[in-house]
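Enquirer: Starting from these lines, generate the structure:
(one chain, ligands or ions: 1)
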Amino acid sequence: MYQKAEQNFRCAACGDLLEIVYPDWSITPIDAALLRDLWRQRRTSGLPVDESGVWRFRELLPGFHDWQEIITLREGNTPLYEMPSCARNAGMQQLYAKHQGMNPTGSFKDTGMTVAASVARREGFRWVACASTGNTSASMAAYAARGGMRSLVLIPEGKVSWGKLSQALDYGAVTCQLKTDFDGCMRVLNEVVQRMPVYLLNSVNPYRLEGQKTAAVELMEQFDWQPPEHVIVPGGNLGNSSALGKAFLEMKQLGLISALPKVSIIQAAGANPLVRTMRENGGKKLITVQAETAASAIRIGSPASWKKAVGVLHATGGAVEQVSEVEIALAKAEIGADGIGCEPASAVTLAGLKKLVKQGFVKSGESVVLILTGHLLKDPEFTLKFHRGDLFAGTGSEKEADILKPQQRAPIVLDATMDAVIRTLKEADDQLEM
Ligand code: F0G
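Expert: Numbers count the residues shown, from 1 in each chain. Prediction:
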């Protein structure tokens, strides 16, 4: 168990991040068919531990003596959507998105936070803390509040969307905007937790990844345990790709699935340390970058879980790719046009898929799942700027951004008359027919 005032989630011998393993699985083999039935039955239960789309799969998670000890907001249980127009745009026959933005605080972080926050409370911590580009802090603040703990948030000043910042405030976090980037916040927090009895809830905490694994398990249940050929995930601090990869490998080991999907990781070109690391040295040594992207959730230059992510790429045969700011904006609008929507960081998945199809890495008849990580309403400023045509003003990418025009729907200011509205309606209808 970890010392209260000093949690270093790294191995003392090699310095690598710790990972939770389950030696019992090889001693007492798990009956895959029985487990699938049990998990399905729990969906009709009214117990909080069964209603949670994370704890429903608790046989794959760290145990609690008393399941009443867990802090749950009924996270998980997220929808799998078909994306017909995105499929066409990407050159695919069919395409799915699993929307982790449909979690209680609007991002995938809740699935990991329920586990790590529950551990924090069980260990007697009064304070939890994280550095964040926004979603982790929103999620942590909510789970801390539900669990009767205090929370400390370190975020880069001016680089977190208002939606996410306002969540941390509403859930009662002590919120510090530091004059640095995410990587700088992480550095400062690592020093704070060495001196103060606050429990670190960033994804270096291995319990976070255990909870985040369950998105892959739920996905397999939704696919009736027939894995898709590809799963495509955004890469920031690289905790999520590591967690999903771990889940697929464990499910294969346990006989829950018979093959592994290829897990591919997509980064913004301006925040591409994993892409560079893979291309320049095959994943042997992390190349850090000074990160810059409007997809602020993944504005990370020195990802903590890079080694685990490299392991997932190697084990599953996934690809790593980068996409431009304009490609991200276009993909986000296309996901919106399917009636789904997501935040910018999630849209790298569709933008990346288009590239992987062009390269022939993904074939048009294969089954592909995009992992959408955050809700559309997390970053409304990005969406408004996009539709008003302001997103690329003064960035030097105005010319390239011309391709976005057909997707833009600026709000229309009119006189308050029926005529004005009907005229606008007719114009819009004519445009459709053109
Ligand atoms: N998508 C969204 C919406 C995110 O908020 C993040 C990370 C990622 C993708 C990348 O996931 O870090 O596991 O590779 N957000 C963190 C935060 C860093 O602080 O909210 P990752």
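Enquirer: Next up, the contacts around Glu321.
Expert: Glu321 is in contact with Ser264, Ile265, Ile266, Gln267, Val275, Gly352, Lys355, Leu356, counting by Cβ atoms under 8 Å, 6 or more residues apart in numbering. No exception for glycine: its C-beta is placed from N, CA and C like everyone else's.
Enquirer: now Ala401
Expert: Listed by Cβ under 8 Å, 6+ apart, the contact partners of Ala401 are Val326, Ala329, Leu391, Phe392.
Enquirer: just Val115 next, same as before
Expert: Counting by Cβ under 8 Å, 6+ apart, Val115 has contacts Val54, Leu61, Pro62, Tyr207, Arg208, Glu210, Gly211.
Enquirer: Show me where the stretch 51-200 of the chain has its helices.
Expert: Secondary structure of the stretch 51-200 of the chain (DSSP state H, counting those that start in this stretch): helices at 84-90, 109-122, 135-146, 162-170, 182-195.
Enquirer: From the contacts of Val115, list just the buried residues.
Expert: Among those, those buried by neighbour count (16 or more other Cβ atoms under 10 Å) are Val54, Leu61, Pro62, Tyr207, Arg208, Glu210, Gly211.
Enquirer: Do I have it right that the second one meets Trp55?
Expert: Yes. At 7.1 Å, Leu61 and Trp55 qualify as touching, with contact defined as Cβ atoms under 8 Å.
Enquirer: all strands for this structure, in order.
Expert: Here the chain has its strands, by DSSP state E, at 80-82, 96-99, 127-131, 150-156, 174-178, 198-200, 230-234, 262-268, 320-323, 368-372.
Enquirer: Reformat these into CSV and put distance to the ligand and mean pLDDT next to each item.
Expert: Compiled in CSV, the strands of the chain are given as follows (distance: least, Cβ to the nearest ligand atom, whole Å; pLDDT from 0 to 100):
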stretch, distance to the ligand, mean pLDDT
strand 80-82, 17, 98
strand 96-99, 11, 98
strand 127-131, 7, 98
strand 150-156, 8, 98
strand 174-178, 13, 98
strand 198-200, 13, 97
strand 230-234, 4, 99
strand 262-268, 8, 99
strand 320-323, 12, 98
strand 368-372, 8, 99
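Enquirer: picking that back up, and which of the contacts of Val115 is nearest the ligand?
Expert: Arg208 (8.9 Å; Cβ to the nearest ligand atom).
Enquirer: wait, what's in contact with the closest one?
Expert: Gly112, Met113, Val115, Ala116, Leu201, Asn202, Gly239, Ala243 are the contacts of Arg208 under Cβ under 8 Å, 6+ apart.
Enquirer: so how many other residues sit close to the closest residue to Ala345 other than its chain neighbours?
Expert: Leaving aside its chain neighbours, Ala345 sits nearest to Ala297 (3.7 Å; criterion: Cβ to Cβ, 6 or more residues apart in numbering). Applying other Cβ atoms under 10 Å, we find 30 residues neighbouring Ala297.
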